[in-house]
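*Asks:* this one's sequence-less:
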C-alpha cells in the first residue's frame, strides 16, 4: 500500500477540550487537501464547519464522549442534534459502567436507541478496550453486531491505553460480516496506521498521520 492510499482510511481528528476554532479550521483545511475519509471534531463545532465547508468535507463527531456514562436520552439527543448540524458519522461511547456491571441488556437497549436516532447515518461504537476483559470485548462484539452498528471502535484516545493489533484480531473473530473496525488511540505514525489497515481496519482515528503523509507528498 502506498502511503497516500492511507489517507482515505483516516478520520482526521481533533477532540481536545481546549481545541479552538482556529485549530478546527486548520484540521479541516488539512483534511480537504489530503482527502481523508472524514474530520472527527467536537459536536459544538459541527454547524460552523458545515457552513464553511459544505459538501467538501464529511463530518464525524462523538457523543457520550469520552466516559460513556451519559444517560441514554442525552446520547440520543446528542446524536440527533449532531446529524442536524451536519454530521454523517457518529462515534458513541458505550456505558462502560454497565459493561463492567454485566448489564448487557441495558448496553444493547441504549445502542438500539442510538442506532434509531442515527437513521441511515454511520454509527461507530467505541468500547474502550483498555478497561475490558476479553470476555467483555467478545460480548460487545456480539451486541454491536446485533444492534446494526456500522463499526466497532477500539478506543477514545482518552483512556489508559489505545488500540492494539491483538484487539483487532479478536474483533475479526467475533463481529458480524457487516461490521467494520475502526482503530484509534495512540496511532501516530504512517507505519502504525498501515499495520492496522493491513490487519483489517476500515478506519483509523488519528490527528498525526495525515499531516505526515502530506508532508511526504
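*Replies:* Arrived safely, thanks for sending. All values reported here derive from a predicted model rather than from experimental measurement. Numbers count the residues shown, from 1 in each chain.
*Asks:* can you tell me how far residue 18 sits from residue 163?
*Replies:* 24 Å (Cβ to Cβ, to the nearest Å). Heads up, the C-betas are built off the backbone N, CA and C, glycines and all.
*Asks:* show me which of those two is the more surrounded one.
*Replies:* Using other Cβ atoms under 10 Å as the criterion, residue 18 and residue 163 rank with residue 163 on top: 27 against 5.
*Asks:* what does the pLDDT read for the more buried one?
*Replies:* Predicted confidence (pLDDT) for residue 163: 98.
*Asks:* next, it: secondary structure please.
*Replies:* coil (DSSP: H, G, I helix; E, B strand; the rest coil).
*Asks:* that one touches residue 184, doesn't it?
*Replies:* Yes - in this structure, residue 163 is within contact of residue 184 by Cβ atoms under 8 Å, at 6.0 Å.
*Asks:* between those two, which contacts overlap?
*Replies:* The overlap between the contact sets of residue 163 and residue 184 (Cβ atoms under 8 Å, 6 or more residues apart in numbering) consists of 154, 155.
*Asks:* residue contacts, residue 169?
*Replies:* Contacts of residue 169 by Cβ under 8 Å, 6+ apart are residue 199.
*Asks:* what about 10 Å?
*Replies:* 199, 200 (Cβ atoms under 10 Å, 6 or more residues apart in numbering).
*Asks:* quick check: mean pLDDT of stretch 7-18?
*Replies:* Here the average pLDDT along stretch 7-18 is 98.
*Asks:* which residues sit in contact with the residue nearest to the spatial centre of the chain?
*Replies:* When Cα atoms, centre = their mean is applied to the chain, the residue found nearest the centroid is residue 91 (4.4 Å). Residues near residue 91 by Cβ under 10 Å, 6+ apart: 11, 13, 15, 38, 40, 60-65, 82, 122-126, 151, 153, 156, 182, 184, 203, 205.
*Asks:* what about 8 Å?
*Replies:* With Cβ under 8 Å, 6+ apart, residue 91 has these contacts: 40, 60, 61, 62, 63, 65, 124, 125, 126, 153, 182, 205.
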